[in-house]
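Peer 1: Predicted model follows, preceded by the sequence.
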Amino acid sequence: QVQLVESGGGLVQAGGSLRLSCAASGIFFSINAMGWYRRAPGKQRELVAAITRGGSTDYAASVKGRFTISRDNAKNTVHLQMNSLKPEDTAVYYCNADISLTWITRNTYLEHWGQGTLVTVSS
């Protein structure tokens, strides 16, 4: 069974920084795109940042220039460096990855989610 385990959330003052990490574990063939989503209180889940296996990135307009997504394909990890945090960044952050499970199904990617990690930014 594949698991995505996040770490690095917590409480930080506005203007501060946090680094989120997510590690994929279990038995699988490969990981395609990885990303971070968030759900703020009373709002829908939104994409924060995404990164392809080749390293191409995409960011939500609200975090561009402040957040940086990166990944280590050898370690099956993805990170989100969050700088200049604002109170409106407060949310539960979820790791997401498209994973193929076996060589036979290597072109079929299934979406997997982490359990979420809470980021709270105080003003």
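Peer 2: Nice, thanks for sending it over.
Peer 1: Just give me the residue right at the centre of the protein.
Peer 2: residue 36 (2.7 Å; Cα atoms, centre = their mean).
Peer 1: Quick one: end-to-end length of stretch 52-66, please.
Peer 2: End-to-end span of stretch 52-66 (Cα to Cα, to the nearest Å): 19 Å.
Peer 1: what's the answer for stretch 113-123, then?
Peer 2: 29 Å.
Peer 1: And what about the residue of the chain most remote from its centre, helix, strand or coil?
Peer 2: Distance from the centre of the chain peaks at residue 104, with 27.2 Å (Cα atoms, centre = their mean). For residue 104, the assignment made with DSSP: H, G, I helix; E, B strand; the rest coil gives coil.
Peer 1: separation between it and residue 73?
Peer 2: Look at residue 104 and residue 73: by Cβ to Cβ, to the nearest Å, they are 21 Å apart. Where you see a C-beta, it was placed from the backbone N, CA and C, and this is true even at glycine.
Peer 1: Could you do residue 63 as well?
Peer 2: From residue 63 to residue 73 the distance is 23 Å (Cβ to Cβ).
Peer 1: Who has more neighbours out of these two?
Peer 2: residue 63 (23 against 13; other Cβ atoms under 10 Å).
Peer 1: show me the contacts for that one.
Peer 2: Residue 63 makes contact with 48, 49, 82, 89 under the criterion Cβ atoms under 8 Å, 6 or more residues apart in numbering.
Peer 1: Widest-spaced pair of those?
Peer 2: Greatest spacing in the contacts of residue 63, by Cβ to Cβ: 49 and 89 (12.2 Å).
Peer 1: part of a helix, is residue 50?
Peer 2: No. Residue 50 is assigned strand when assessed by three-state DSSP, not a helix.
Peer 1: Surely the residue nearest to the centre of the chain is within a helix?
Peer 2: No. Counting by three-state DSSP, one finds residue 36 to be strand, located in no helix.
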